[in-house]
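Colleague: Sharing a model that was predicted from the sequence below.
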Number of protein chains: 4
Amino acid sequence: MCRWLAYSGRPIFLDTLVTQPSHSLVAQSLNSELNISPAGVLLSTNGDGFGIGWYNRRAEPGVFRDDKPAWHDENLKNLCHQVESHIFFAHIRATTTGDVQRTNCHPFQFKNWLFQHNGHVSDFEKIRRELQLDIAPELYPYLRGTTDSETFFMLALTYGLQENPKLALQKMVERVLQALERVNPKGVLNLSCALSDGDRLYTLRFSHNEEAMTQFYSSDTECIQDFDDQFELMPQGSIVVVSEPLDKASDKWKPIPANTFATIEANQVSSETFL
Amino acid sequence: MCRWLAYSGRPIFLDTLVTQPSHSLVAQSLNSELNISPAGVLLSTNGDGFGIGWYNRRAEPGVFRDDKPAWHDENLKNLCHQVESHIFFAHIRATTTGDVQRTNCHPFQFKNWLFQHNGHVSDFEKIRRELQLDIAPELYPYLRGTTDSETFFMLALTYGLQENPKLALQKMVERVLQALERVNPKGVLNLSCALSDGDRLYTLRFSHNEEAMTQFYSSDTECIQDFDDQFELMPQGSIVVVSEPLDKASDKWKPIPANTFATIEANQVSSETFL
Amino acid sequence: MCRWLAYSGRPIFLDTLVTQPSHSLVAQSLNSELNISPAGVLLSTNGDGFGIGWYNRRAEPGVFRDDKPAWHDENLKNLCHQVESHIFFAHIRATTTGDVQRTNCHPFQFKNWLFQHNGHVSDFEKIRRELQLDIAPELYPYLRGTTDSETFFMLALTYGLQENPKLALQKMVERVLQALERVNPKGVLNLSCALSDGDRLYTLRFSHNEEAMTQFYSSDTECIQDFDDQFELMPQGSIVVVSEPLDKASDKWKPIPANTFATIEANQVSSETFL
Amino acid sequence: MCRWLAYSGRPIFLDTLVTQPSHSLVAQSLNSELNISPAGVLLSTNGDGFGIGWYNRRAEPGVFRDDKPAWHDENLKNLCHQVESHIFFAHIRATTTGDVQRTNCHPFQFKNWLFQHNGHVSDFEKIRRELQLDIAPELYPYLRGTTDSETFFMLALTYGLQENPKLALQKMVERVLQALERVNPKGVLNLSCALSDGDRLYTLRFSHNEEAMTQFYSSDTECIQDFDDQFELMPQGSIVVVSEPLDKASDKWKPIPANTFATIEANQVSSETFL
């Protein structure tokens, strides 16, 4: 039950999206408007940690995570004002279970890969052991937290994420549904994910047994302009994917259909049905 | 713009009030219902730190403060489950200015005194220097944070809080209003405070140029009972003072009139007009 | 590679042992003198978190843990000054692997049990998965960190700690040695543990393939007196177990022999050979 | 009683100096070798927070500070691996007084200026009020912590740091000595500072009534090479200033004389006597 954004395009400073828009991700940490819980309640506060991940000149992405609320964090504000990147992620966390600690914050990193997620799965504590046992032994040492999200990422890596992302995510989802079926046939799985290897940006919107979490994208250069034109234009050809729009007008953001896997590369979005 | 509670009575475990009631202080950290900002906006999130203070067998009260949200803090939960006290304070913080750090969290302590506060003053950054210069030189080393609240406490100590609490608070308020008048004649001061020396509990509800922040008390043994009688009875003769009621029914909580200074001792509340 | 103490006796304030002695546990967080690494290097700094656990009137013990150094933590200082207990634990952490987060700090709790540990095992990352798979499925949800210590505790619980502590610890050690043998026949295991159910205090000093970590106890009422008699006397009949003495003289502390399991109950220490 | 480094030259990744050398700043956080206290004791642990500051494409420098030990902090490690800069600062803190909180961590920033410091002044708590009253009223709102270092920086800004750094530092030192003289004529002041406006790097090594804290610089491209040539060469013309050498050999580091103010610009060091 979190919020995130992902950017692909000509390098921009991270604060352009993370802190400046009228409904920026940091603003959403206090006042999210679309973060609806399984019980149908609006969870407006996403204060259980945050993280950013960005690609630059190094082979591996930079990652900065902290277990504090994003809204007053000066390190986050300062970094987003300084760092430029052509592909970057930002995430704010809201947890009803799971400890508030850096190792449970998104994005998760493995080598050149980044992964972030919002959503939930029923009865995770009942299937956690079964799923974690399926993580490849050579990957198990990289399991450092206790979230469903990290477990999903490690499973996807186990199933070949680095070679075929869509296939690996499908195998992961099937494996999770199989475990869920055993403990709770009416249980729900809801996944809104972003992944990257530093070249391509991948997104997934999927749900089982309930409505999918919202996911939008925009390739409109005016996507954060709002009513008064005070914000920057996005670079031509850039793509922004979000769990909820960053402006208050919202008419430049297109919903991504449920059960969609998208690949964003060289300013092009190609979508495929997932499962 | 915070929330707090204060208890005086036969010793009880702190969790009886801090974590267990349906609208407990910890619940209010995510979903406060009466924390209205000067602009008239409901500030439902109080996630910028918390603190508890309690009197027990030592000459000085215990104080535990952290700069994290209260809602998922296991230390807070554990301590409130273990610690018993006859006079205790609990506070959750929401700041629009001022750093999120332990030294800015309530309650503040000096020797056997505790102080906690919610409210605000206009233009504090413009009058902070003037007010802090009025702190007694021998007290200045105890100034460790940057909040208006701590400055108010140090001024009250300077003006004789330990000898005559009401008079010292009046002098403090007059001093703050004098400074405020100079920089902003229409500026507001809003104070909802609790203080104790370990024997008596004192409260103040005062405002200047706007409506006073809410403040309630209850001496009803069923004050946290709610609709389904699942919660504990308060001890006979106990008094609980809060910035908003701890139950959902709220009919056992009496508003304390604006501009009231109250002294609670031996289960008796005696109120006086303030200023 | 940590330091700890455990107390059993008439209730005392925790600061009597944790912060006041000349070589108190908090002093050891900066200047440990006996914390020798496997490579033979003195690790004088134990700054990777701390924790206390204590039994009082509740069925379950209180636990307070933080991921900061102990030496300047005011919460720790304040709590130890306020809390009294007849059986309590205190621990400071030094890690060369494993994240610095509260869920990796000692003592670990399960129901009425507390567990704390210093020591190490070779190649833990290579055997972690195998060992964690052996944790009983119903206990797996309680696995919240990534330390060897917590894994050992969960295994001991799996093997019957609550019924027969010594036998369960033996099974746990045998299981760990079996896993270690497979990946590194020359690997070492070094365990210096304290456990309690709230009635009895248990300790273990065990090592495999290297010299055991130091462990001492004292039943001398003058055990923290040092040269100048400025400290309190311990209550008659109390027992203090430590990883290094709390005074500078040290002649009132008796080494516990290697490979010893001890049971402390009603002021009596009974020792048994372990394995 | 801290450690720091400052770099000026062709842009390099920060980890080149902060984390990689055999006696890097992060290594010094656990094992400083030259951090001698006024009492003549080696303070090997600098675990009370850290910070980095760097100039890049923005008008103001980036600043990242945290109140944790540097030695296991992944955010620090990740950032230093990603961020490149032509002028940057890094600092690790050891305090015997003053709270461990981000607002007390170095470097301190004001507009385009950075300031970091190691050293101490006797009886700071007795002169703090007097000195802070001398801070220009328009700068007072920027005073956010409780350290001597920040007070010195605010005073230097008050006395014209942005126009004439050397003169402003002299006035600041004279003002501090005047205050010190009043409360403790034998009191000591020891300052080892680095400052920058983004164009020039300034350093000060000064002491009063005791030996000056160590300060070294190197313009040797092999200054972090150590015995086995495994580390990078520094860019031609770069200057590194440190409180203790970053290698184990140390023969490429030149002591800066006591009572010296240095200006580093365009790869040139020009030194002047201070006071």
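Modeller: Done, it's in. Residues are numbered from 1 along each chain as shown, chains lettered A, B, ... in the order given.

Colleague: quick one: the strands in chain A?
Modeller: A:3-13, A:50-54, A:62-66, A:84-92, A:108-110, A:113-121, A:189-196, A:201-208, A:216-218, A:239-242, A:254-255, A:260-265, A:268-273 (DSSP state E).

Colleague: Give me the mean pLDDT for the fourth one.
Modeller: This points to strand A:84-92. Regarding strand A:84-92, the rounded mean pLDDT is 98.

Colleague: give me the number of residues near the residue lying closest to A:Asp73 once chain neighbours are set aside?
Modeller: Leaving aside its sequence neighbours, A:Asp73 sits nearest to A:Asp66 (CB to CB, 6 or more residues apart in numbering or on different chains; 6.5 Å). No exception for glycine: its C-beta is placed from N, CA and C like everyone else's. For A:Asp66, the neighbour count with other CB atoms under 10 Å in any protein chain shown is 18.

Colleague: who's in contact with A:Asp66?
Modeller: Residues near A:Asp66 by CB atoms under 8 Å, 6 or more residues apart in numbering or on different chains: A:Gly49, A:Phe50, A:Gly51, A:Asp73, A:Asn75, A:Leu76, A:Arg102, A:Cys105, D:Asn75.

Colleague: Same question for A:Arg57.
Modeller: Per CB under 8 Å, 6+ apart, neighbours of A:Arg57: D:Glu84.

Colleague: what's the spacing between it and D:Tyr55?
Modeller: Relative to D:Tyr55, A:Arg57 is positioned 17 Å away (criterion: CB to CB, to the nearest Å).

Colleague: Might you enumerate the residues of the stretch 101-250 of chain A proximal to chain C?
Modeller: Taking CB under 8 Å from any CB of the partner chain as the contact definition, the stretch 101-250 of chain A meets chain C at A:101-103, A:125-126, A:128-129, A:132-133, A:137, A:140-141, A:143-144, A:146.

Colleague: Just the buried residues from the residues you listed, in ChimeraX please.
Modeller: The buried residues among these can be selected in ChimeraX (16 or more other CB atoms under 10 Å in any protein chain shown) with this line:
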select /A:101,102,103,126,128,129,132,140,143,144,146
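
Colleague: from the residues of the stretch 101-250 of chain A next to chain C, which are also near chain D?
Modeller: Filtering these for proximity to chain D (criterion: CB under 8 Å from any CB) leaves A:Arg102.

Colleague: In helices only, show me the residues of the stretch 101-250 of chain A next to chain C.
Modeller: Counting by DSSP state H, the part of those found in helices is A:Glu125, A:Lys126, A:Arg128, A:Arg129, A:Gln132, A:Leu133.

Colleague: Might one say that the fourth one is in contact with C:Ala136?
Modeller: No: judged on CB atoms under 8 Å, A:Arg129 makes no contact with C:Ala136 at a distance of 9.7 Å.

Colleague: Count the neighbours of A:Glu265 for me.
Modeller: Neighbours around A:Glu265, by other CB under 10 Å: 13.

Colleague: quick one, what contacts it?
Modeller: Listed by CB under 8 Å, 6+ apart, the contact partners of A:Glu265 are A:Ser8, A:Asp199, A:Arg200, A:Leu201.

Colleague: Show me what the nearest residue to A:Phe274 once chain neighbours are set aside is bridged to.
Modeller: Spatially, and ignoring its direct neighbours in sequence, A:Phe274 is nearest to A:Phe261 (4.2 Å; CB to CB, 6+ apart). Counting by DSSP bridges, A:Phe261 is bridged to A:Leu204, A:Glu272.

Colleague: show me the contacts for A:Phe261.
Modeller: A:Lys166, A:Leu169, A:Tyr202, A:Thr203, A:Leu204, A:Ser271, A:Glu272, A:Thr273, A:Phe274.

Colleague: Buried ones among those?
Modeller: The neighbour-count criterion (16+ other CB under 10 Å) marks A:Leu169, A:Tyr202, A:Thr203, A:Leu204, A:Phe274 among these as buried.

Colleague: any chance of the residues you listed in CSV, with distance to C:Glu174 and pLDDT too?
Modeller: Listed next are those as CSV, based on distance: CB to CB, whole Å; pLDDT from 0 to 100:
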residue, distance to C:Glu174, pLDDT
A:Leu169, 41, 98
A:Tyr202, 46, 98
A:Thr203, 49, 98
A:Leu204, 45, 98
A:Phe274, 47, 96
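
Colleague: wait, which of those is closest to chain D?
Modeller: Among these, A:Tyr202 lies closest to chain D (CB to the nearest CB), at 22.3 Å.

Colleague: And that closest one, how close does it get to chain B?
Modeller: Using CB to the nearest CB, to the nearest Å, A:Tyr202 is found at 31 Å from chain B.

Colleague: That residue contacts A:Ala168, doesn't it?
Modeller: No: judged on CB under 8 Å, A:Tyr202 makes no contact with A:Ala168 at a distance of 10.3 Å.

Colleague: For the nearest residue to A:Gln170 once chain neighbours are set aside, give me its contacts.
Modeller: For A:Gln170, ignoring the flanking residues on the chain, the nearest one in space by CB to CB, 6+ apart is A:Leu275 at 6.1 Å. Shown in contact with A:Leu275 (CB under 8 Å, 6+ apart): A:Gln170, A:Val173, A:Glu174, A:Phe206, A:Asn259.

Colleague: Just the buried subset of these, please.
Modeller: Looks like the contacts of A:Leu275 have A:Gln170, A:Val173, A:Phe206 buried, using 16+ other CB under 10 Å.

Colleague: can I get the contacts of A:Asp66 in a markdown table with pLDDT?
Modeller: Output for those, formatted as a markdown table (pLDDT from 0 to 100):
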| residue | pLDDT |
| --- | --- |
| A:Gly49 | 97 |
| A:Phe50 | 98 |
| A:Gly51 | 98 |
| A:Asp73 | 97 |
| A:Asn75 | 98 |
| A:Leu76 | 98 |
| A:Arg102 | 97 |
| A:Cys105 | 97 |
| D:Asn75 | 98 |
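
Colleague: distance of whatever residue of the stretch 151-275 of chain A ends up closest to chain D from D:Glu84?
Modeller: Going by CB to the nearest CB, chain D is nearest to A:Gly198 of the stretch 151-275 of chain A, at 12.9 Å. As judged by CB to CB, A:Gly198 and D:Glu84 stand 18 Å apart.

Colleague: what's the answer for A:Phe274, then?
Modeller: Using CB to CB, A:Phe274 is found at 39 Å from D:Glu84.

Colleague: pLDDT weak spots in the stretch 101-250 of chain A?
Modeller: Regions of the stretch 101-250 of chain A meeting the criterion pLDDT under 70 cover residues A:227-229.

Colleague: Please work out the residue of it nearest to chain D and name it.
Modeller: Counting by CB to the nearest CB, the stretch 101-250 of chain A gets nearest to chain D through A:Arg102 (7.4 Å).

Colleague: what residues are up against that residue?
Modeller: Going by CB under 8 Å, 6+ apart, A:Arg102 touches A:Gly49, A:Arg65, A:Asp66, A:Asp67, C:Asp99, C:Gln101, D:Glu74, D:Asn75.

Colleague: The last one contacts A:Asp67, correct?
Modeller: Yep, that's D:Asn75 we're talking about. No: counting by CB under 8 Å, D:Asn75 stays clear of A:Asp67, with 11.0 Å between them.

Colleague: coming back round to it: from the contacts of A:Leu275, pick the one nearest D:Leu180.
Modeller: When those are compared for distance to D:Leu180 (CB to CB), A:Phe206 wins out at 67.3 Å.

Colleague: May I have the beta-bridge partners of the closest residue in space to the closest one that isn't next to it in sequence?
Modeller: Closest residue to A:Phe206 apart from its sequence neighbours, by CB to CB, 6+ apart: A:Leu191 at 4.7 Å. Beta-bridge pairing for A:Leu191 (DSSP bridges): A:Gly119, A:Phe206.
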